[in-house]
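In: Using only what follows, build the 3D model:
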Amino acid sequence: MENALRGLTFKGYLVYLDDIIVYGRTEEEHLERLAKVLHSLQSVGLKIRPEKCQLMRRSVRYLSHVVTQHGIGTDPEKIAAVHRWPRPRCVKEVQQFMGLASYYRRFVKNFASIGGPLHKLTKKVQRWIWGPKQEAALTKLKSALSSPPILSHPHFDRPCLLDVDASEDALGAVLSQVNSQGLPVVVAYASRSLSQPEK
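Out: Predicted structure coming up:
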């Protein structure tokens with residue numbers, strides 16, 4: 001797919017495997033970019049299925065995210081699944097929950113620190129003990145994911161702000177920018193647990 005769209009600037013579309021999002025600031029710009037993408041696909045013999053197309057939308061679901069002109073949000077169906085997730089009873093169930101929750105980790109400030117007690121349960125040397133720390137971590141992650149922020153689209157013509165933080169167990173960062181109203185908006189959160197030698 002990327003070969004078919006070679007030569008087009010990435011300012012105007014996103015592509016992942018066979019999914020393409022075409023966007024523009026105005027209807028005219030959007031239609032112009034859409035025409036270029038369709039022409040490029042046609043020129044290499046690729047066809048699209050009209051029933052799979054969503055045209056001229058203000059909001060689209062893309063890779064389990066909701067993308068709008070205002071930013072990127074989480075897919076409500078996936079978040080509902082996180083919220084309904086029962087208390088894990090074994091390591092495998094913790095791994096499954098953390099896998100699902102981790103998909104949206106860039107929406108949660110200090111995800112690694114919050115999820116640390118759950119992550120520790122997945123270590124081979126760790127004995128299975130579900131206690132108050134694990135219950136609190138599960139509850140806090142579910143809560144954070146139940147009302148995640150809308151992350152701003154990055155604007156490469158504006159300065160970025162990077163706030164970093166470290167604790168005994170994890171590192172965290174917030175990437176933000178100042179929007180057109182002069183207010184800081186979050187582009188992404190990042191965090192990870194510290195390895196034993198890093199502690």
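In: Would you mind giving the domain segments of this protein?
Out: 13-57, 72-146 (automatic domain parsing).
In: Please name whichever of those domains is nearest to residue 185.
Out: Among the domains of the chain, the nearest to residue 185 by C-beta to C-beta is domain 72-146 (11.6 Å). Heads up, the C-betas are built off the backbone N, CA and C, glycines and all.
In: How far off centre is that closest one?
Out: In terms of C-alpha atoms, centre = their mean, to the nearest Å, the centre of domain 72-146 is set 16 Å apart from its chain centre.
In: elements contacting the longest helix anywhere in the chain?
Out: Secondary structure of the chain per DSSP state H: the longest helix is helix 27-43. Applying 3 or more C-beta pairs under 8 Å, 6 or more residues apart in numbering; DSSP states H and E, one finds that helix 27-43 contacts strand 19-22.
In: just to revisit the earlier point, which element is encountered next along the chain beyond the longest helix of the chain?
Out: The helix or strand immediately downstream of helix 27-43 is strand 59-62, counting by DSSP states H and E.
In: Just checking: what are the partner strands of that next one?
Out: Counting by DSSP bridges, the strands paired with strand 59-62 are strand 65-68 (antiparallel).
In: So what's the model's average confidence on the next helix or strand after the partner strand?
Out: Per DSSP H and E, the first helix or strand lying C-terminal to strand 65-68 is strand 71-74. Average pLDDT, strand 71-74: 94.
In: Could you do stretch 149-165 as well?
Out: Computed over stretch 149-165, the average pLDDT equals 93.
In: Keeping just the C-alphas, turn it into PDB.
Out: Output in PDB follows, covering the C-alpha atoms of stretch 149-165 (Å, rounded to 0.1, in the frame of the first residue of the first chain):
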ATOM      1  CA  PRO A 149      -8.100  12.300  27.600                       C
ATOM      2  CA  ILE A 150      -8.300  13.100  23.900                       C
ATOM      3  CA  LEU A 151      -4.700  13.300  22.800                       C
ATOM      4  CA  SER A 152      -3.900  16.300  20.500                       C
ATOM      5  CA  HIS A 153      -2.600  15.700  17.000                       C
ATOM      6  CA  PRO A 154       1.000  16.800  16.900                       C
ATOM      7  CA  HIS A 155       1.700  20.100  15.200                       C
ATOM      8  CA  PHE A 156       5.200  20.000  13.800                       C
ATOM      9  CA  ASP A 157       5.300  23.800  13.400                       C
ATOM     10  CA  ARG A 158       4.900  24.400  17.100                       C
ATOM     11  CA  PRO A 159       7.400  23.800  20.000                       C
ATOM     12  CA  CYS A 160       7.000  20.700  22.000                       C
ATOM     13  CA  LEU A 161       7.200  20.500  25.800                       C
ATOM     14  CA  LEU A 162       8.500  17.400  27.400                       C
ATOM     15  CA  ASP A 163       8.000  16.800  31.200                       C
ATOM     16  CA  VAL A 164       9.800  13.900  32.700                       C
ATOM     17  CA  ASP A 165       9.500  12.200  36.000                       C
END
